[in-house]
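[1] got a predicted model here, sequence first, then my questions.
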Amino acid sequence: MPSTRPVGGPRPSRSTSRRSPWRLVALAAVLVALVPTVAVAADDPDLRQTVRGDDPVVTDVKVLEGGHVDLGPTYVDGAWRFLVHDDTAKADPSKQSTWRLPDKTVFAVPDAVRLPAPDDPTYAFLGAKPGSTVWALPQTQAAGAPWVGWNTQEPRVMETIDRGMTLRLEGVQGPGRMVTYLQSGSFEEPEVLWTSAKDARQDFFVDVNTHTHANWVFTEPGVYLVRVSAIADLVDGGTATDTQVLRFAVGDGTDPQEALAAAWRGSTQAPGSTTDTAAAPTSDDGVLVTVLVVAIAALAVLLVVGAVVAVVRLRGQRRRALGGTDVA
């Protein structure tokens with residue numbers, strides 16, 4: 001291929017030509033490192049669903065002891081609200097799902113979901129001694145316990161949000177540690193989304209039209225209040241935010257009425273917890289990138305590395321060719 005450098009023009013310095021491709025590699029790597037937490041669970045046919053746009057908002061008190069439940073945004077009288085989408089009524093085909101108010105809803109965590117804490121350093125983030133009892137609402141549905149997840153599938157929400165929403169843990173009040181994490185398969189490393197061990201806001205991003213469930217683990221019985229904000233940039237340039245307190249009654253000996261009556265006083269840390277200001281990445285304006293950006297950034301790294309390899313090989317070939325023409 002003919003050179004585009006003017007004949008007789010200056011040749012680029014060797015040091016500059018060698019450094020430039022690697023600067024691109026470094027830049028691409030930095031872009032990937034800046035990508036924040038995006039909660040993505042493995043594709044599961046059981047998670048495929050459609051949320052109706054006419055599911056009513058109910059205001060009665062409800063203790064959720066089992067069945068499918070999602071946290072998520074909807075609009076009430078035109079206002080963005082973060083509510084509990086209760087699918088438990090759908091066991092009866094003649095009934096419809098409802099949206100419930102978090103301050104009138106209790107998630108009952110029964111003794112039936114008690115487990116011994118794993119003797120595995122991978123799960124040290126649970127903050128429980130190996131073999132000690134923890135209460136775990138699992139990522140997959142378990143009989144006799146609420147199956148708690150989240151979705152961004154309400155039709156008006158999908159029409160108005162730009163890319164997705166941020167779920168932010170504002171704090172946890174309770175007698176032990178609470179951890180929310182994802183784990184895709186038995187051999188995948190757990191991905192911690194929220195932990196009360198960190199006295200800092202913790203964010204993760206949820207794409208539009210997403211439905212995910214996670215593991216919710218509690219190390220002690222009692223009442224837990226979990227303060228969460230749902231934040232989204234809107235396609236019209238605005239921002240929507242709503243903050244609610246979720247209520248968990250952990251253990252058969254915990255009265256759900258205590259959870260209903262409990263008042264938010266601020267975060268409490270379990271014994272042995274530490275303050276960590278380097279929690280999951282936060283964004284004051286709620287702007288976080290999605291999985292698509294992660295994929296693009298990773299692809300950019302691969303393309304740049306491939307380009308560098310090609311450039312190095314081409315220069316080697318040119319160097320050898322020029323070396324041959326220098327022989328008198």
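    Thanks, I have the structure now.

[2] got the phi and psi for residue 203?
    Reported as degrees, to the nearest 10, the phi and psi values for residue 203 are phi -110, psi 150.

[3] equivalent analysis for residue 104, please.
    phi -120, psi 20.

[4] which residues touch it?
    With contact taken as CB atoms under 8 Å, 6 or more residues apart in numbering, residue 104 is in contact with 59, 60, 61, 62, 260. In this view, the C-beta of every residue, glycine as well, is placed from N, C-alpha and C.

[5] ditto for residue 55
    Residue 55 is in contact with 74, 85, 96, 97, 98, 99, 154, counting by CB under 8 Å, 6+ apart.

[6] so which of those belong to strands?
    74, 85, 98, 99 (DSSP state E).

[7] biggest separation within the residues you listed, which pair?
    The distance between the two most remote of the ones in strands among the contacts of residue 55 (CB to CB) is 10.8 Å, for 74 and 98.

[8] any shared contact partners between the two?
    55, 57, 85.

[9] can I get those in a markdown table including distance to residue 191 and pLDDT?
    Below are these laid out as a markdown table (distance: CB to CB, whole Å; pLDDT from 0 to 100):
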| residue | distance to residue 191 | pLDDT |
| --- | --- | --- |
| 55 | 30 | 94 |
| 57 | 32 | 97 |
| 85 | 23 | 97 |
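
[10] for residue 226, state which of the residues you listed is nearest.
    residue 85 (16.6 Å).

[11] what residues are bridge-paired with that closest one?
    For residue 85, the beta-bridge partners are residue 70, residue 99 (DSSP bridges).

[12] for residue 209, see how far away it is.
    Per CB to CB, to the nearest Å, residue 85 is found 14 Å from residue 209.

[13] ok, the two, which is more surrounded?
    residue 85 (23 against 15; other CB atoms under 10 Å).

[14] from residue 108, how far off is that one?
    17 Å.

[15] try residue 49
    As judged by CB to CB, residue 49 and residue 108 stand 23 Å apart.

[16] can you mark which positions in stretch 98-117 are buried?
    Within stretch 98-117, the residues scored as buried using 16 or more other CB atoms under 10 Å are 98-102, 105-110, 113, 117.

[17] among these, which are in strands?
    98, 99, 100, 105, 106, 107, 108, 109.

[18] any idea what the residue nearest to residue 196 when sequence neighbours are not counted is bridged to?
    Spatial nearest neighbour of residue 196, chain neighbours left out: residue 172 (3.7 Å); criterion: CB to CB, 6 or more residues apart in numbering. Residues in a beta bridge with residue 172, per DSSP bridges, are residue 226.
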